[in-house]
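> here are the coordinates; sequence isn't available:
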């Protein structure tokens with residue numbers, strides 16, 4: 001199962017939004033959640049556990065839940081408000097702000113968005129930098145995931161001057177680490193260019 005980013009997400013009762021990022025446990029090298037931005041304004045982002053994914057295609061992800069059930073899942077973005085007195089919790093000002101944001105006239109209040117990434121995990125996004133041992137080689141496009149246990153088996157590169165005509169699939173064993181600023185590999189650029197291309201089945205829309 002490949003987990004595409006920035007594609008349509010469909011619930012059992014219709015289109016629900018788009019996939020924005022993936023939450024990764026870098027220690028166990030597995031995906032725990034995808035982040036879905038809801039279709040309706042204000043496009044709230046929800047953390048969807050991996051087991052809720054029913055299937056994926058090149059341009060869509062199908063979920064086992066309804067749109068109403070999606071709306072009850074944990075928010076990915078938490079908003080705090082910075083005032084002259086310090087940081088205030090969301091509840092104090094949430095009825096005075098509208099999407100995207102409006103500042104009250106009588107005081108200076110700055111909304112701050114905080115990503116609620118589980119402790120010890122990182123958010124991986126499409127376009128995230130991928131680094132070989134001897135330099136940056138391209139950007140992350142997708143992860144290949146074992147649908148049974150959620151473990152990452154490969155990451156897919158489709159950018160970079162060495163491989164414009166084919167997908168480059170990097171096996172899990174060659175991923176050195178995943179950090180907030182990118183994915184780091186244990187191979188150099190020449191070794192990556194020599195990797196065989198693993199076929200990825202994608203349905204045409």
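In hand now; what should we look at? Fair warning: this is a prediction, and the values are worked out from it, not measured in the lab. Numbering: from 1, shown residues only.
> and the residue nearest to residue 73 when sequence neighbours are not counted, what pLDDT?
Nearest residue to residue 73, sequence neighbours excluded (Cβ to Cβ, 6 or more residues apart in numbering): residue 46, at 4.4 Å. The C-beta positions use only the backbone N, C-alpha and C, and glycine is treated the same way. Residue 46 carries a pLDDT value of 94.
> and the host helix or strand of residue 46, how far out from the chain's middle?
According to DSSP states H and E, residue 46 maps onto strand 45-49. Averaging C-alpha positions (Cα atoms, centre = their mean, to the nearest Å) puts strand 45-49 10 Å from its chain's average.
> What are the boundaries of the helices in the chain?
For the chain, the helices defined by DSSP state H cover 67-70, 90-93, 189-193.
> Least confident of those helices, on average?
Taking the mean pLDDT of the helices of the chain, helix 90-93 comes last: a mean of 52.
> If we ignore the residues flanking it in sequence, what's nearest residue 78?
residue 114 (4.7 Å).
> The one you found reaches residue 77, doesn't it?
Yes: with contact defined as Cβ atoms under 8 Å, residue 114 counts as touching residue 77 (7.0 Å).
> Compare these two (neighbour count), which wins?
Between residue 114 and residue 77, residue 77 has the larger neighbour count (other Cβ atoms under 10 Å), namely 15 against 11.
> On the strand side of things, show who that one bridges to.
residue 115 (DSSP bridges).
> That one and residue 123, how far apart?
In this view, residue 77 and residue 123 are 11 Å apart by Cβ to Cβ, to the nearest Å.
> Next, show the common contact partners of those two.
residue 115 (Cβ atoms under 8 Å, 6 or more residues apart in numbering).
> so where is the chain shaky, pLDDT-wise?
1, 80-81, 83-111, 150, 158-167, 197-205 (pLDDT under 70).
> Could you chop this structure up by domain?
2-70, 77-115, 122-193 (automatic domain parsing).
> Among these, show me which one is buried the most.
For the domains of the chain, the largest average neighbour count (mean count of other Cβ atoms under 10 Å) is found in domain 2-70, namely a mean of 18.
> next one: that domain to chain centre, how far?
Per Cα atoms, centre = their mean, the centroid offset for domain 2-70 relative to its chain is 9 Å.
> Can you measure across that domain, start residue to end residue?
Separation of the first and last residues of domain 2-70 by Cα to Cα, to the nearest Å is 21 Å.
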